[in-house]
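Trainee: Let me see the structure of the following:
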Amino acid sequence: MTGTTSARLSEEQVRERIAAGRLIEGPDYASEQYLKALERTLIVSADTELISAPSYLRAAANAPDTSAYMSVLSIVQDEVGHAHIAYRMLRDMGVDVEELVYGRQPHEYKHPYAFDVPLDSWSDMIVANAFYDRAGFVLLSDVFEHTTYAPWKRALVKVDREETFHLRHGERWIARLSKDDDARRRIQESIDWMFILTLEWFGLPDDLKRHGDQVGYKLKGQTNDQLRQTWMRAVVPFCEEHGYEVPAHHDEETDTYVIDCAFPMAFDAEAKAWDHAKGQISWDEVMQRWRARGPANQEFVRSIQRGYKQLQEQSA
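Mentor: Here you go, the predicted model:
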């Protein structure tokens with residue numbers, strides 16, 4: 001599965017090229033270390049886009065009307081296209097993408113844990129658009145602005161525009177349903193479990209992060225903690241504007257958003273409930289939950305792999 005395309009530049013040449021503000025135009029202009037860091041980053045991006053498809057497709061069954069259902073199907077189609085872009089770049093780097101998509105076990109996928117928790121209602125679906133797609137937009141906008149890998153920068157022009165549609169879809173529905181008391185209650189229930197889960201989306205805090213090469217190679221510009229702040233800067237005011245409670249507030253003195261609950265925290269994925277009574281836990285405990293994956297992990301990955309494996313069995 002690991003990339004086999006031979007890098008032609010030395011590590012020193014790549015560092016000089018990046019320092020001079022020049023882009024890496026493809027695998028032939030990279031070092032082995034740069035390609036390894038890029039491969040790791042692209043796999044996370046590709047897996048995240050791909051796994052959102054079965055997750056959103058499952059939630060579309062709860063759409064209130066045909067028009068809403070078709071809007072989610074359009075989003076699913078976009079997400080598959082975004083995944084294809086990232087997997088194609090991995091193929092260009094020599095990665096065996098068939099093995100990557102169809103050969104891995106479900107727990108080996110690299111998407112955020114949040115997508116392993118099923119969306120069981122229309123309120124879950126629209127909050128996912130507003131929160132998860134906002135997180136994707138924050139991450140990919142940062143990559144688009146800062147990445148040194150030219151093929152990815154060019155591809156993200158289209159991706160960013162479509163992710164904007166996805167998050168606006170969620171925000172418009174939340175604003176529209178906020179006038180109805182029952183719908184407002186259901187949306188608040190979705191926000192209660194999904195807000196903290198999206199905070200986790202951005203990964204370990206900066207002082208614990210192990211792979212500094214993403215920023216070092218300028219594959220992205222902001223650190224995990226900075227990206228978390230960028231996400232809250234958009235999501236917290238939006239929720240407050242429409243009267244929803246979130247465990248975070250803006251600190252005017254430092255101009256930062258402060259999380260008002262224990263973080264990280266223990267999560268019961270089956271009940272979709274945070275253990276506020278237990279308080280803060282360690283990131284090692286969170287990593288254990290991430291590695292074990294969530295309740296819908298096998299269902300979603302197997303749904304992606306099913307057709308390919310059926311064809312293999314028929315042709316055997």
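Trainee: Pull the number of nearby residues for the spatially closest residue to D275 that is not a sequence neighbour.
Mentor: Nearest residue to D275, sequence neighbours excluded (CB to CB, 6 or more residues apart in numbering): A266, at 4.0 Å. For every residue, glycine as well, the C-beta is placed using N, CA and C. Neighbours of A266 under the rule other CB atoms under 10 Å: 17.
Trainee: Check V80 too.
Mentor: Neighbours around V80, by other CB under 10 Å: 14.
Trainee: about what we covered before: unless I'm mixing things up, the residue nearest to D275 is touching Q288, no?
Mentor: No: using CB atoms under 8 Å as the test, A266 is too far from Q288 to be in contact (10.7 Å).
Trainee: hey, where'd the strands end up in this structure?
Mentor: 248-251, 256-259, 267-268, 273-274 (DSSP state E).
Trainee: Okay, now the sheet partners of the third one, with direction.
Mentor: In this case it means strand 267-268. Strand partners for strand 267-268, identified by DSSP bridges, are recorded as strand 273-274 (antiparallel).
Trainee: What lies in contact with the strand it pairs with?
Mentor: Contacts with strand 273-274, where a contact means CB atoms under 8 Å, 6 or more residues apart in numbering, come from 192-193, 196, 261, 265-268.
Trainee: try 10 Å this time
Mentor: Contact with strand 273-274 is made by 192-193, 195-197, 247, 261-268, as judged by CB atoms under 10 Å, 6 or more residues apart in numbering.
Trainee: one step back: and the strands of the chain as JSON lines, adding distance to E162, mean pLDDT and mean neighbour count?
Mentor: Listed next are the strands of the chain as JSON lines, based on distance: least, CB to CB, whole Å; pLDDT from 0 to 100; neighbours: other CB atoms under 10 Å:
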{"stretch": "strand 248-251", "distance to E162": "27", "mean pLDDT": "98", "mean neighbour count": "14"}
{"stretch": "strand 256-259", "distance to E162": "27", "mean pLDDT": "98", "mean neighbour count": "15"}
{"stretch": "strand 267-268", "distance to E162": "30", "mean pLDDT": "98", "mean neighbour count": "16"}
{"stretch": "strand 273-274", "distance to E162": "31", "mean pLDDT": "98", "mean neighbour count": "16"}
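Trainee: Please render those as CSV that adds distance to I187 to the earlier fields.
Mentor: Output for the strands of the chain, formatted as CSV (distance: least, CB to CB, whole Å):
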stretch, distance to I187
strand 248-251, 17
strand 256-259, 21
strand 267-268, 20
strand 273-274, 17
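Trainee: These: which one's closest to K209?
Mentor: strand 256-259 (17.7 Å; CB to CB).
Trainee: The closest one pairs with which strands, and in what direction?
Mentor: Using DSSP bridges, strand 256-259 pairs in its sheet with strand 248-251 (antiparallel).
Trainee: ok so, going back, quick one: which of the strands of the chain is nearest Y308?
Mentor: Nearest to Y308 among the strands of the chain is strand 267-268 (32.0 Å), distances taken as CB to CB.
Trainee: Centre of the chain to the closest one, how far?
Mentor: Counting by CA atoms, centre = their mean, to the nearest Å, strand 267-268 is centred 20 Å from the centre of its parent chain.
Trainee: one step back: among the contacts of strand 273-274, which lie within helices?
Mentor: Of these, the ones assigned to helices by DSSP state H are 192-193, 195-197.
Trainee: can you tell me which of these lies nearest to I174?
Mentor: Closest to I174, out of all of the ones in helices among the contacts of strand 273-274 and judged by CB to CB, is F195, at 12.6 Å.
Trainee: wait, that closest one sits on R228?
Mentor: No: between F195 and R228 there is no contact, the gap being 11.8 Å when judged by CB atoms under 10 Å.
Trainee: Quick check: neighbours shared by the two?
Mentor: Contacts common to F195 and R228, judged by CB under 10 Å, 6+ apart, are 248, 259.
Trainee: which residues of the stretch 101-250 of the chain score low on pLDDT?
Mentor: Filtered on pLDDT under 70, the stretch 101-250 of the chain yields the residue ranges 210-212.
Trainee: where exactly do the helices run in it?
Mentor: Counting by DSSP state H, counting those that start in this stretch, one finds helices in the stretch 101-250 of the chain at the ranges 122-146, 150-177, 181-201, 213-216, 224-241.
Trainee: Can you say which of the contacts of strand 273-274 are buried?
Mentor: Buried members of these, counted by 16 or more other CB atoms under 10 Å: 192-193, 195-197, 247, 262-267.
Trainee: List just the nearest of these to Q280.
Mentor: Of all the buried ones among the contacts of strand 273-274, Q280 sits closest to A262, with 4.0 Å by CB to CB.
Trainee: A59 is in contact with S121, isn't it?
Mentor: Yes: counting by CB under 10 Å, A59 does reach S121; the two are 7.7 Å apart.
Trainee: okay, those two: which has more neighbours?
Mentor: Ranked by neighbour count (other CB under 10 Å), A59 and S121 place A59 first, with 22 against 15.
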